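Sequence first, then the predicted structure, then my questions.
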Amino acid sequence: MNAVTVKNKYPLPHIDILFDRLRGATVFSKIDLRSGYHQIKVREEDIPKTAFSTRYGIYEYLVMSFGLTNAPAFFMYLMNSVFMNELDKFVVVFIDDILIYSKNEKEHEEHLRIVLSRLREHKLYGKFSKCAFWLKEVAFLGHILSAKGVAVDPSKVEDVLNWKQPQTVTEIRSFLGLVGYYRRFIEDFSRISKPMTTLTQKNAKFAWSPKCEEAFGTLKKLLTSAPVLAQLDITKPFDVYCDASGSGLSCVLMQEGRVIAYASCQLRKHEVNYPTHDLELLAVVYALKKWRHYLLGNTCHIYTDHKSLKYIFTQPELNMRQRRWLELIKDYDLEVHYHPGKANVVADALSRKAHCNFIEARPTVKVLCCEIGDIEMPTALEAELYNLVLEPTIKDQIIAAQKQDKGMSHIRDEIDDKKKACFKLDEGVLWFKNRLVVPKDMELRKKILDEAHTSMFTLHPGSNKMYQDLKQKFWWTRMK
């Protein structure tokens, strides 16, 4: 029957957003409906559609059964309709779980009276053994809620601690699913769990390595020591600490020095090749998207250990990817601050970047090269990683192409008439300032671009980096 049912798209609420409504609450009560689905009658004309056969005969459901594809969505719609006037004021509902919260006991008495009246009015019945009233601390949807904030339910932690080492991909997914439900409590969750998530990828060979065992144990340990996350105040500014590494992105949402949530994700295949600047900017974009419902329309301070991001709004040269991200960032009221990695006590467990120091050739290096040359080892003198070396063969081809290009002769004439101040002739070779002019020879330009991208000294740069390197030596119309 589910296969031919038109799916109900009514949304279920996001659990984190439900908890955000509880700020300031000190008294709680919860009501769990008794077999909630069975309290909904099936329309008489639809009853035959629910028929099922047994050896004792054919039976039909008179009430909504468990397992129907639209049951959760319809029941959520019903509960929202019943408590429409109370939702997010002193009631939050997730399917058949109802939480009543108040700032004090006097308010709570009135709130309970209203909720119980609504249930009686619509003939919805709770299961008394699963209900709890007048609590300072309540277990709800796998979390412990109190005036202090949100914490992990110890009973769920016990399940994780007793989890045996996964033997199959399905067992890994089950474990990560349970622990991932509490990922907002675990700093750098994606990086820690990466050895295990790698085993769940398509065509991956299942081999439980020491790294997997370490990740398995670390996640257990972190969940047992998970902090109590503060309830946010939407009227106050937010602090977001971002970081990026070669394996993933991490960020922390804070307010008034207290952690509200952690978030992290692994890099996609194409993102691994991003330069450091773009990775750090991607971490900011990830945080803004992750917590858009908090940050949009509110003041937020972004802290990063990549100093150049402070000047992202005034940077003159941006590639298309950076421009796209900048359009998204401009929707937010934010300030970017430089926060040195050594001073980052908030996110000290976030993944750190590895830096390489590139050393230019010096006289001592030349001496070493001579000594190495004596043992017939190939060397590259004074090769600089980020600079494209102007090979004589390419230069000769450009000079030859200049002589054959009619457009070049037109520029030469204007130089003689002093109309092209930026151009100059040096021994018959045309230059734009100090850059060699490349004529309109697509094959020659392609050769230059290939050399800039695939050379052993350039490490396959991005388009913006490659342009910055090439424009130091070459020029042609619409080069960028």
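The structure has been received and is ready for your questions.

For the rest of this, base every contact and every neighbour count on C-alpha atoms.
Will do.

Dead centre of the protein: give me the residue that sits there.
Tyr286 (4.0 Å; C-alpha atoms, centre = their mean).

May I have the residues that are in contact with that residue?
Residues in contact with Tyr286 (C-alpha atoms under 8 Å, 6 or more residues apart in numbering) are Leu249.

Name the helix or strand for Lys171, please.
Actually, residue 171 is Glu. It isn't Lys. Assessed by DSSP states H and E, Glu171 sits inside helix 169-180.

Pop out the phi and psi values for Gly246.
phi -70, psi -10 (degrees, to the nearest 10).

My understanding was that it contacts Glu271; is that so?
No - when contacts are counted by C-alpha atoms under 8 Å, Gly246 is not listed as touching Glu271 (9.1 Å).

Who has more neighbours out of the two?
Gly246 (19 against 15; other C-alpha atoms under 10 Å).

now the more buried one: how far from Glu213?
Gly246 sits 22 Å away from Glu213 when distances are taken as C-alpha to C-alpha, to the nearest Å.

Likewise for Ser81?
Distance from Ser81 to Glu213, by C-alpha to C-alpha: 48 Å.

These two: who's more crowded?
Glu213 (14 against 11).

so what's the backbone phi/psi at the more buried one?
According to degrees, to the nearest 10, Glu213 has phi -60, psi -40.

Quick check: closest non-adjacent residue to Tyr332.
Of all residues not flanking Tyr332 in the chain, Leu296 sits nearest, at 5.6 Å (C-alpha to C-alpha, 6 or more residues apart in numbering).

Measure how buried the nearest residue to Phe66 once chain neighbours are set aside is and give me the count.
In this structure, Phe66 finds its nearest non-sequential neighbour in Tyr37, 6.7 Å apart by C-alpha to C-alpha, 6+ apart. Tyr37 has 20 neighbouring residues, counting by other C-alpha under 10 Å.

I'd assumed Val63 was in contact with Tyr37.
Yes - between Tyr37 and Val63 there is a contact under C-alpha under 8 Å: 7.4 Å.

Dump stretch 319-326 to PDB, restricted to CA.
Written as PDB, here are the backbone C-alpha positions of stretch 319-326 (Å, rounded to 0.1, in the frame of the first residue of the first chain):
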ATOM      1  CA  ASN A 319      38.100  33.900  -8.500                       C
ATOM      2  CA  MET A 320      34.600  32.900  -9.500                       C
ATOM      3  CA  ARG A 321      34.300  30.500  -6.500                       C
ATOM      4  CA  GLN A 322      35.300  33.200  -4.000                       C
ATOM      5  CA  ARG A 323      32.900  35.700  -5.600                       C
ATOM      6  CA  ARG A 324      30.000  33.200  -5.300                       C
ATOM      7  CA  TRP A 325      30.800  32.700  -1.600                       C
ATOM      8  CA  LEU A 326      31.200  36.400  -1.000                       C
END
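
Contacts made by it with the rest, please.
Asp278, Leu282, Val285, Phe313, Ser463, Asn464.

going on from the longest helix anywhere in the chain, what's the next piece of helix or strand?
Longest helix of the chain, by residue count under DSSP state H: helix 105-121. Later in the chain than helix 105-121, the nearest helix or strand by DSSP H and E is strand 132-135.

So in that sheet, which strands flank that next one, and in what orientation?
strand 27-32 (antiparallel) (DSSP bridges).

Which neighbouring elements make contact with the helix holding Glu171?
With contacts taken as 3 or more C-alpha pairs under 8 Å, 6 or more residues apart in numbering; DSSP states H and E, helix 169-180 sits against helix 154-161, helix 189-199.

list the buried ones in the first one?
With burial defined by 16 or more other C-alpha atoms under 10 Å, the residues of helix 154-161 counted as buried are Lys156, Val157, Val160.

do the same with stretch 400-416
So for stretch 400-416, counting by 16+ other C-alpha under 10 Å, buried means Ala401, Gln402, Met408, Ile411, Arg412, Ile415.

Then stretch 251-261?
Going by 16+ other C-alpha under 10 Å, stretch 251-261 has these buried residues: Cys251, Val252, Leu253, Met254, Gln255, Val259, Ile260, Ala261.

so the residue nearest to Tyr332 sits right up against Ile329, yeah?
No - the pair Leu296 / Ile329 is not scored as a contact, 10.0 Å apart, by C-alpha under 8 Å.

Now find how far off-centre stretch 318-335 is within its chain.
Relative to its chain's centre, stretch 318-335 lies at 16 Å (C-alpha atoms, centre = their mean, to the nearest Å).

If you count neighbours, what's buried in that stretch?
Applying a neighbour-count criterion of 16+ other C-alpha under 10 Å, one finds Gln322, Leu326, Ile329, Tyr332, Leu334 buried in stretch 318-335.

now do the same end-to-end measure for stretch 254-272.
28 Å.

Kindly report the same for stretch 307-316.
Span of stretch 307-316 from end to end, C-alpha to C-alpha: 16 Å.

And stretch 201-221, by the same measure?
25 Å.

in the stretch 151-300 of the chain, which spans are helices?
154-161, 169-180, 189-199, 210-224, 276-290, 292-295 (DSSP state H, counting those that start in this stretch).

Format those as JSON lines; extra columns: mean pLDDT.
What follows is the helices of the stretch 151-300 of the chain, written out as JSON lines (pLDDT from 0 to 100):
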{"stretch": "helix 154-161", "mean pLDDT": "81"}
{"stretch": "helix 169-180", "mean pLDDT": "88"}
{"stretch": "helix 189-199", "mean pLDDT": "88"}
{"stretch": "helix 210-224", "mean pLDDT": "88"}
{"stretch": "helix 276-290", "mean pLDDT": "91"}
{"stretch": "helix 292-295", "mean pLDDT": "88"}
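
could those go into JSON lines alongside distance to Glu451?
Below are the helices of the stretch 151-300 of the chain laid out as JSON lines (distance: least, C-alpha to C-alpha, whole Å):
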{"stretch": "helix 154-161", "distance to Glu451": "54"}
{"stretch": "helix 169-180", "distance to Glu451": "44"}
{"stretch": "helix 189-199", "distance to Glu451": "35"}
{"stretch": "helix 210-224", "distance to Glu451": "39"}
{"stretch": "helix 276-290", "distance to Glu451": "22"}
{"stretch": "helix 292-295", "distance to Glu451": "42"}
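
related to what we said a few turns ago, what's the most distant pair in the buried residues of stretch 251-261?
Taking C-alpha to C-alpha as the measure, the buried residues of stretch 251-261 span a maximum distance of 13.5 Å, between Cys251 and Gln255.

one step back: right, and the helices and strands packed on helix 169-180 - which one's nearest Val437?
Of these, nearest to Val437 by C-alpha to C-alpha is helix 189-199, at 47.5 Å.

just checking, what packs against that closest one?
helix 169-180, helix 210-224, strand 258-266.

highest average neighbour count across those?
The highest average neighbour count among the helices and strands packed on helix 189-199, using mean count of other C-alpha atoms under 10 Å, belongs to strand 258-266 at a mean of 22.
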